[in-house]
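A.B. asks: no FASTA, just this:
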C-alpha cells in the first residue's frame, strides 16, 4: 500500500464530502445521527465480536491491563455511545446562525455567519467510543472527518465506521464525511498532519507523548492540550470548610484526569490551621504530600510526606501525589501559577472580593475558578452539551471545546447595490 | 551582535511586559495612547528628519519609486497616525468583558472573560505608519508587541518607538510592551517566528512573497492572508444597474487592494445584455478583459481583450486586468468560486432570494456579499473601528481582524464551595 497516495485520496474524498456537509440541513444531520444510534444498539453483538478480535490480538501482544480495559467495549459502553449520539441530536445546530447583523452608514448590513471548519482530523488511542463521539460531533457541526484511532482497536473501529457510513447514506449525506484510516501504519498519521490542503484542523486525543510527537511534525493547526498542571490557592481569607472540600475533591475525585489538582498553594498565615486538617483527609486516601520546607514543618508526622524539588512544580502526577507550597501573598501565588501552570485550570479559595477578582483577571489559564473544584473544567459541566477536547492554547478555542469549536465565523454582507466611495 | 541571544532577550522582556499589560486598566492604556498622539504631533520635525535619513539611504540604494512613496512620512501621514491613536482611544476596551455567565445545575456559575493573547509579533514592510497603528492596537488590547518593520524605515521606526515607549512609561506601563527589533539583520525575523515560548501570534503585513516565506518557517501561529482573488457573480436574476455599479466599483475603485475583484462570473442568459454595457465602463479605465471563449465572442471589438488561460482563474492581478467567465448556473458559479477563490471576499448580484441565500451559505470565503462591492471587505467599513490585518484562515479570526482578534476567551467559574460528585 502506498500510504502517501492512499492518504491523499482520503483527503480529497474528505474535502469533497465537506462541501456537501456544509450545506446539509439540520434534519438530515440529525437523521443520520439517530440512524447510527439505532444501528449501534441493534448491532451490539457484531460490535462485541469485532472488539473481541481486537482484545485477543492485544492480549497476545501483551497490552497492559489498563489499556485492555480502555479497549474493551462493554454493554455499558455500547449504550453510552448510542445515548451520546442522541444527546448530540438534542443540541442546537450551530451552523448558519447569523449574529451581530447591523446597518453601516454606507447602507450595507454586516454580520457573521457560523460555518463549519471543513475537514477535522482526529487522532486518538485505543478507545472505540471516541470513534462514535467524534464522528457525531463532526456530523452535527457540518464537518467531514478523518478518524485515526489506535491500531489496537482497528476491527472495532471499522465495524463502527460501517454503521456511521450507513447512517450518513440513509440520510442522503456523503458516506465519505466520516472516514476511518484503513491502515495501522504509523506513516498515515505523518501524512494526515501534514496535508493542510485537505485537513483544516487536527484534534489529538491522547497522552502527552502522542501530542508532543504530533506538535513537532504537524503543519495542520491543532486543538490540543499537553497536560494539566492545575493549582488551588488557599487564600488567608478562605472559608476553611470550603477549602477542605475543594482541595480534597480537586485531588482525590479522580487522579488520572487533566483537571485534577497537582499543586496546592497555601497562604502562610493560615497554613498551620488548614494543612493539618487537609492532611487528615488526604491520609484516608494515602496521598503523598511533597512539601516545601515550610509545608513539611507543619505536616511533620504525616505518614506520606516527601520533599518537593523544583521539578515537582511542573509535574503532572496523574496519581495520589500532591506538591504543596506556602506562599506569602496573592501576588506570589499568581506568579507561581503563571510560571508553572500548564494554563489548564487554576482556582482560588477566598471570601475576599478584591482578591478573587484579581485572581480571576490575572491568572492566565483556560479556566480560572473562585471557590470551586478544578474538576469542574469539563464540557458537560460547563453546559457545552458535548466535548471534542480541551485546548490550552489561546488561539481559536480555549478550555473545553464543544460544537462551536469545530466552526468558524464568516462575514456576511447584505447590500442593495452599494459601492465604496 | 548575537541575533539569537538578542531576540531571546527581546522575547523575554515582551513576555514579562505582557503580564503587566494584561492587568493594566483602561485609563492607563488610553493615557499612553493619547500621550503618544500628542508626542507625534509635537515631534513632527524630528520624525521627518529621521524619515529623511531613511529616504536618502533608500534613494542611494535604488529603491523603486512606489516603495519610496510608501516610505515617505508626509505631514498628512503624521496627522493620520495621531488621529488613528485617538480613534483607538475611543474604542471600548475589549479586555475583562465577561459574557454568557450562567448558573449550572451544580450551583457553579460559568462564563467567559475576554483576555489578551499575550505577545504579538508584527512583521511589515517599509511603512512607518504601521508601527504606530500596530502599537496602538496592541496597547489597547492589553498585549505586548514586538515590531519588525522593513529595514528601509529603521530610523523613522526607532524615532516613533521612542515616543511610544515614553508614552507607555508616562502612563505607568512597561516601556517594553512595545519593542522595535533594533537590527535590520533578516535572521531576526527567523528567530521571531520560531519562538512560541515568547510570541503567541505573528501578524505579517506585506506582499505574498513575504508571507509565503514566513509560512514555510514559522512555528508561531499566524493571522494572515496570502492574496485576494475575489469574485463577483452576476446572476441571471440580477438588477442590471446594480450589476454595473458593483462590478465597476469592485474592479476600478482601487487596483492594488486585496478586496478588489479579479474574476467576473456572468450567467449565460444575461451575458449578452450585461457584458457590452460593462465593457463601456471598463473601457474608460482601459481595463484589460481576459475572457473565456464565450465571453470573448460577446466582447468582440473591445480594445483591450485577451484570452483567459487556466492560470488566470487563480491570479491576483492587482492591476487593471479582469478575467471573465460565462457560467451556466448558480451551482457552476459556486463551484468555480470554491475552487479558485482565495477565500477572501466573493459577491453575488441577484434579486432572487433563494439564490442569494444559497450563495451566502455555500460560498466558503471570509466575506460573502449580496448586492455589494467586494471593496467593502475592510475593518473600518465593517465597523470594527480599526484593523490589524485580514485573515483568510478559518481558525481564530476570519476576515478583517480588529481588537477582538488580538484577544482570547478564558472560562471563569464563580463557585460557593462546590465540588464535583
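C.D. replies: Received, thanks. The shown structure was predicted, so the numbers you read here are calculated from the model rather than taken from an experiment. Numbers count the residues shown, from 1 in each chain, chains lettered A, B, ... in the order given.

A.B. asks: quick one: the strands in the stretch 101-250 of chain A?
C.D. replies: All strands of the stretch 101-250 of chain A, identified by DSSP state E, counting those that start in this stretch, fall at A:109-116, A:119-124, A:144-148, A:178-180, A:201-205, A:230-234.

A.B. asks: Report all helices and strands that the shortest one contacts.
C.D. replies: Contacting strand A:178-180 under the criterion 3 or more Cβ pairs under 8 Å, 6 or more residues apart in numbering or on different chains; DSSP states H and E are the following elements: helix A:3-23, helix A:128-140, strand A:144-148, helix A:154-170. Where you see a C-beta, it was placed from the backbone N, CA and C, and this is true even at glycine.

A.B. asks: These into a markdown table, with extra columns for mean pLDDT and distance to residue B:7?
C.D. replies: Below are the helices and strands packed on strand A:178-180 laid out as a markdown table (pLDDT from 0 to 100; distance: least, Cβ to Cβ, whole Å):
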| stretch | mean pLDDT | distance to residue B:7 |
| --- | --- | --- |
| helix A:3-23 | 97 | 36 |
| helix A:128-140 | 94 | 39 |
| strand A:144-148 | 97 | 37 |
| helix A:154-170 | 95 | 45 |
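
A.B. asks: Of the ones you listed, which is nearest chain B?
C.D. replies: Proximity to chain B (Cβ to the nearest Cβ) singles out helix A:3-23 among the helices and strands packed on strand A:178-180, at 5.3 Å.

A.B. asks: rewinding a little: which of the strands of the stretch 101-250 of chain A is buried the deepest?
C.D. replies: strand A:230-234 (a mean of 29; mean count of other Cβ atoms under 10 Å in any protein chain shown).

A.B. asks: wait, which of the helices and strands packed on strand A:178-180 is closest to residue B:47?
C.D. replies: Minimum separation from residue B:47 across the helices and strands packed on strand A:178-180 (Cβ to Cβ) falls at helix A:3-23, 49.4 Å.

A.B. asks: Can you give me the buried ones in the closest one?
C.D. replies: Under the neighbour-count criterion of 16 or more other Cβ atoms under 10 Å in any protein chain shown, helix A:3-23 has A:3, A:6-7, A:10-11, A:13-22 buried.

A.B. asks: mind listing what's buried in the helix or strand following it?
C.D. replies: Tracing the chain C-terminally past helix A:3-23 and defining elements by DSSP states H and E, one meets helix A:26-42 next. By neighbour count on 16+ other Cβ under 10 Å, the buried set for helix A:26-42 is A:28-37, A:39-40.

A.B. asks: hmm, helix A:26-42 touching chain B?
C.D. replies: No: Helix A:26-42 stays clear of chain B (Cβ under 8 Å from any Cβ of the partner chain), getting no nearer than 12.6 Å.

A.B. asks: circling back to that earlier point, and which of the buried residues of helix A:3-23 is nearest residue B:106?
C.D. replies: Distance to residue B:106 across the buried residues of helix A:3-23 (Cβ to Cβ) is lowest for residue A:21, with 34.4 Å.

A.B. asks: Please report the distance of the closest one from residue B:199.
C.D. replies: Counting by Cβ to Cβ, to the nearest Å, the separation of residue A:21 from residue B:199 is 35 Å.

A.B. asks: again with residue A:106
C.D. replies: Taking Cβ to Cβ, one finds residue A:106 at 36 Å from residue B:199.

A.B. asks: Tell me which of the two has more neighbours.
C.D. replies: residue B:199 (29 against 15; other Cβ atoms under 10 Å in any protein chain shown).

A.B. asks: Quick check: that one vs residue B:11, distance?
C.D. replies: Counting by Cβ to Cβ - residue B:199 and residue B:11 are separated by 6 Å.
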